[in-house]
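Enquirer: Any chance you can model this:
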Amino acid sequence: MTPRDSRFQPGRSALLLVDMQTVWMRSPTGTGNDYFTTRNATLAVPNQVRMLQSARRLGIDVVHTIIRSLRSDGRDRSLDHKLTPIHIAPDDPDGDIIPELAPQKDEIVLPKTSSGVFNSTNIDYILRNLGTDHLIVAGQLTDQCVDMAVRDGADRGYRVLVPEDACSTYSPERHAAALTAFGGYCTITDTENVLRRMEEVSCHA
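Expert: The predicted model follows:
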């Protein structure tokens, strides 16, 4: 086991779920049987649910981040989101987290107005106040917002783990390329390993 991949410590691990919102779950082809939709339905979301249930049961901190403007007119968005354009108003139900992963009491939801959660929220301040050391990152897209969370989290001193079977993007090539690109900043693993390590924390608490 490498220093980056060291044992979870009680009270010092957090699960971050990235952009699991209704608006981003729609089939990019409109057919419902494309790679992205199928991966989410059969692999990524079920694995996120498993980790979320374990985190709740074991008292591991949970943070959700979503893309959502703070103003109804979207003036607070990043320039990139204005140019794209991406605007999800505060009261737009499309911006809600999907029911399977809906936040519960004491789970933190951070709306962001850029691709990077560390750039446009106070997540670093929150994680440090919570005493976080290991940060488990899952969600979508593997090669966009997940990528940025991984790199930025690593740069700020967190030991980042990515269960790759709990992440999704629009093609297997894009998914694999992202893992190769940011693999040096994190431990790439799978959901079973994360669940096992969560259980180990409870045994040593």
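Enquirer: in this structure, which ranges drop under the pLDDT threshold?
Expert: Low-confidence segments of the chain, defined by pLDDT under 70: 1-3, 5, 202-205.
Enquirer: And the helices in it, which stretches?
Expert: 35-39, 45-58, 79-83, 117-120, 123-130, 145-155, 172-182, 191-204 (DSSP state H).
Enquirer: okay if I get those as JSON lines plus mean neighbour count and distance to Asp94?
Expert: C-beta: built from backbone N, CA, C; applies to glycine. Formatted as JSON lines, these follow (neighbours: other C-beta atoms under 10 Å; distance: least, C-beta to C-beta, whole Å):
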{"stretch": "helix 35-39", "mean neighbour count": "19", "distance to Asp94": "16"}
{"stretch": "helix 45-58", "mean neighbour count": "18", "distance to Asp94": "17"}
{"stretch": "helix 79-83", "mean neighbour count": "13", "distance to Asp94": "15"}
{"stretch": "helix 117-120", "mean neighbour count": "21", "distance to Asp94": "19"}
{"stretch": "helix 123-130", "mean neighbour count": "16", "distance to Asp94": "23"}
{"stretch": "helix 145-155", "mean neighbour count": "22", "distance to Asp94": "17"}
{"stretch": "helix 172-182", "mean neighbour count": "16", "distance to Asp94": "23"}
{"stretch": "helix 191-204", "mean neighbour count": "15", "distance to Asp94": "27"}
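Enquirer: can I get those in TSV with distance to Lys105?
Expert: As requested, these are exported to TSV (distance: least, C-beta to C-beta, whole Å):
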stretch	distance to Lys105
helix 35-39	30
helix 45-58	10
helix 79-83	30
helix 117-120	22
helix 123-130	16
helix 145-155	24
helix 172-182	32
helix 191-204	19
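Enquirer: So which of those is nearest Glu100?
Expert: Checking the helices of the chain against Glu100 by C-beta to C-beta gives helix 45-58 as the closest, at 5.5 Å.
Enquirer: before we move on, back to that, of the helices of the chain, which approaches Ile97 most closely?
Expert: helix 45-58 (10.7 Å).
Enquirer: and the angle for that closest one with helix 191-204?
Expert: Here the directions of helix 45-58 and helix 191-204 differ by 0 degrees (axes from the mean of the first three to the mean of the last three C-alpha atoms, to 10 degrees).
Enquirer: starting at the chain centroid, how far to helix 45-58?
Expert: Mean C-alpha position of helix 45-58 versus that of the full chain (C-alpha atoms, centre = their mean, to the nearest Å) differs by 13 Å.
Enquirer: in terms of contact, does Asp165 touch Asp190 like I think?
Expert: Yes - using C-beta atoms under 8 Å, Asp165 is in contact with Asp190, at 5.1 Å.
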